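Peer 1: Predicted coordinates and the sequence they were generated for:
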Amino acid sequence: MNSFERSKTEMAQAREYLAGGVSSNFRLGVSPTPLVIESGSGPYLTDVDGNRLIDYYLGMGPMILGHNPRPVIDAAKAQLDRGILFAGQTEVEFEAARLVCELVPCAERVRFGSSGTEVIQAALRLSRAVTGRQTIIKFEGHYHGWLDNVLWSVAPAPDHCGPLNDPLKVPGTLGQDLSCGEHVGILGWNNLQLVEERLNGGDVAALIMEPAMCNTSAIAPRAGYLEGVRAACSKAGTLLIFDEVITGFRLSSGGAQKLFGVTPDLATFGKAIANGFPVAALAGRADLMDRFASGGVMHGGTYNGHPVNMAATAATLRELTRPEVYAGIEKRGQRLMAGIVEILERHSVPARVQGFPGIFHVAFGITKPIETFRDTFGIDRARYVKFTTALIERGARALERGAWFLSSEHDDAVIDRTLEIIESAAKVIA
């Protein structure tokens, strides 16, 4: 059984300097303790206690090639020798942009940023400028960054949600500027009729969504839903924005839009685009994106197109053009999902495992398909945390919110060992 005493001690000391000992609230409250990491290699992490853990956090999703892919590291190191930051363009930035445009169906032009939160703001600003409208529609359970104008109804409590057909707009944090929600509307996702009815008013600048709901339970779109939303947006003159910060370059080399065959007007990317380097991108139609250059729409950032990050981006995207990367993730992800289902059923643990080979979700306490945010209300989160605690004590690290990410480095031997750990952990909570 793994011990985490040194992580606990160092976290307690860190709280004297870092608020809560962390620099992101999403790293708080982890059982048995937030970890202090020493190093990463392939699918493994080693913490300061010396525990070697099979990692299914993968940096909250970015590490699709594992923790130290040589082509990405070599490219970043080579760029460091040339310089760090120039306040100008580099050829490697142009190469990264070209690769995005070649891989992503909607990408006729691209702009780079440093985080998903940033490029989502650029997409919303561009949408309002192009359409001359103010209203943005988002969906319950979808997360588009932590800024005040989009942090609405991300994870509202059941008694705060309001009617199914007319959800309440619930702020996501204390201190939020409530006036920033004046032009934000909320809908329930995976219900085409609600979208069609809302867009009839002709006042909506953009509708933003995850094309597959990976911030909540890895929910796939219902048959015809994305196609119907695409048609409704086109009819209403509303821009369709896919938030592919998670799904982009993880569900396929062209993101969820390539997988599902539905092309948005704009799309945002992050996480897997640069395998852990702080890179995000906004991509879309040329006539829209060129408004940044000639249409009076402001988009800036000192670190946008950072040369070292661009070298990592280009190297990552080149690796992701190799078919065997996704083929391996597909094969082993399906095997792991099936193995979890079999083990939990054998130990009479009611659960639902769903999603995609590269990112799937495990929920305790329910067995029916999760198709909307409100379908998650019956999840037994406390029992699942006991499960993830038992996992990490035995050598596997999985997110307490239920998401599991796979990399190309999770080979058959790693999956074998993971299933052994799951078998042992299931006995603890059965």
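Peer 2: That came through fine. Everything numeric here is computed off the predicted structure, so don't read it as measured data.
Peer 1: need the helices for this structure, in chain order.
Peer 2: 5-14, 70-82, 91-103, 116-131, 192-199, 225-236, 255-260, 286-289, 291-294, 307-320, 323-346, 381-394, 412-429 (DSSP state H).
Peer 1: Quick one: the ones you listed as TSV, columns for mean neighbour count and mean pLDDT too.
Peer 2: To be clear about C-beta, it is placed using only N, CA and C from the backbone, and glycine gets the same treatment. Shown next, in TSV, are the helices of the chain (neighbours: other C-beta atoms under 10 Å; pLDDT from 0 to 100):
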stretch	mean neighbour count	mean pLDDT
helix 5-14	15	97
helix 70-82	15	98
helix 91-103	18	98
helix 116-131	23	98
helix 192-199	18	97
helix 225-236	18	98
helix 255-260	23	98
helix 286-289	17	98
helix 291-294	14	95
helix 307-320	24	98
helix 323-346	17	98
helix 381-394	19	98
helix 412-429	17	97
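Peer 1: right, so of those, which gets closest to Ser24?
Peer 2: helix 116-131 (11.6 Å; C-beta to C-beta).
Peer 1: on that earlier part again, any chance of the helices of the chain in JSON lines, with distance to Gly145 too?
Peer 2: Output for the helices of the chain, formatted as JSON lines (distance: least, C-beta to C-beta, whole Å):
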{"stretch": "helix 5-14", "distance to Gly145": "25"}
{"stretch": "helix 70-82", "distance to Gly145": "25"}
{"stretch": "helix 91-103", "distance to Gly145": "20"}
{"stretch": "helix 116-131", "distance to Gly145": "3"}
{"stretch": "helix 192-199", "distance to Gly145": "22"}
{"stretch": "helix 225-236", "distance to Gly145": "21"}
{"stretch": "helix 255-260", "distance to Gly145": "18"}
{"stretch": "helix 286-289", "distance to Gly145": "20"}
{"stretch": "helix 291-294", "distance to Gly145": "19"}
{"stretch": "helix 307-320", "distance to Gly145": "19"}
{"stretch": "helix 323-346", "distance to Gly145": "26"}
{"stretch": "helix 381-394", "distance to Gly145": "24"}
{"stretch": "helix 412-429", "distance to Gly145": "32"}
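Peer 1: tell me the centre residue of the protein?
Peer 2: Ile246 (2.6 Å; C-alpha atoms, centre = their mean).
Peer 1: which regions of the stretch 151-300 of the chain sit below the pLDDT cut-off?
Peer 2: Scanning the stretch 151-300 of the chain for pLDDT under 70 picks out nothing.
Peer 1: where exactly do the strands run in it?
Peer 2: 184-187, 204-209, 239-244, 266-269, 280-284 (DSSP state E, counting those that start in this stretch).
Peer 1: want to try CSV for the ones you listed, with mean neighbour count as columns?
Peer 2: Output for the strands of the stretch 151-300 of the chain, formatted as CSV (neighbours: other C-beta atoms under 10 Å):
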stretch, mean neighbour count
strand 184-187, 20
strand 204-209, 25
strand 239-244, 29
strand 266-269, 30
strand 280-284, 28
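Peer 1: Minimum distance to Tyr326: which of these has it?
Peer 2: Smallest distance to Tyr326 across the strands of the stretch 151-300 of the chain (C-beta to C-beta): 15.4 Å, for strand 239-244.
Peer 1: Quick check: neighbours of that closest one in the sheet, parallel or antiparallel?
Peer 2: strand 204-209 (parallel), strand 266-269 (parallel) (DSSP bridges).
Peer 1: can you list the domains in the chain?
Peer 2: 5-68+323-429, 70-320 (automatic domain parsing).
Peer 1: Endpoints of the last one, how far apart?
Peer 2: With C-alpha to C-alpha, to the nearest Å as the measure, domain 70-320 spans 14 Å from end to end.
Peer 1: Could you check how far that domain is from the centre of its chain?
Peer 2: Offset of domain 70-320 from its chain centre (C-alpha atoms, centre = their mean, to the nearest Å): 11 Å.
Peer 1: quick one on the thing from earlier: which among the helices of the chain is found nearest to Tyr44?
Peer 2: When the helices of the chain are compared by C-beta to C-beta, helix 412-429 sits nearest Tyr44, at 8.4 Å.
Peer 1: Which residue, other than its chain neighbours, is closest to Pro357?
Peer 2: Spatial nearest neighbour of Pro357, excluding adjacent residues (C-beta to C-beta, 6 or more residues apart in numbering): Gly333 at 2.6 Å.
Peer 1: distance of Thr131 from Ala236?
Peer 2: Between Thr131 and Ala236 the distance is 10 Å, computed by C-beta to C-beta, to the nearest Å.
Peer 1: no wait, Ala398
Peer 2: 41 Å.
Peer 1: do His299 as well
Peer 2: Taken as C-beta to C-beta, the span from His299 to Ala236 is 25 Å.
Peer 1: cool, Leu194 as well?
Peer 2: 14 Å.
Peer 1: Likewise for Glu93?
Peer 2: With C-beta to C-beta as the criterion, Glu93 and Ala236 are 35 Å apart.
Peer 1: And Arg82, by the same measure?
Peer 2: When Arg82 is compared with Ala236 (using C-beta to C-beta), they lie 48 Å apart.
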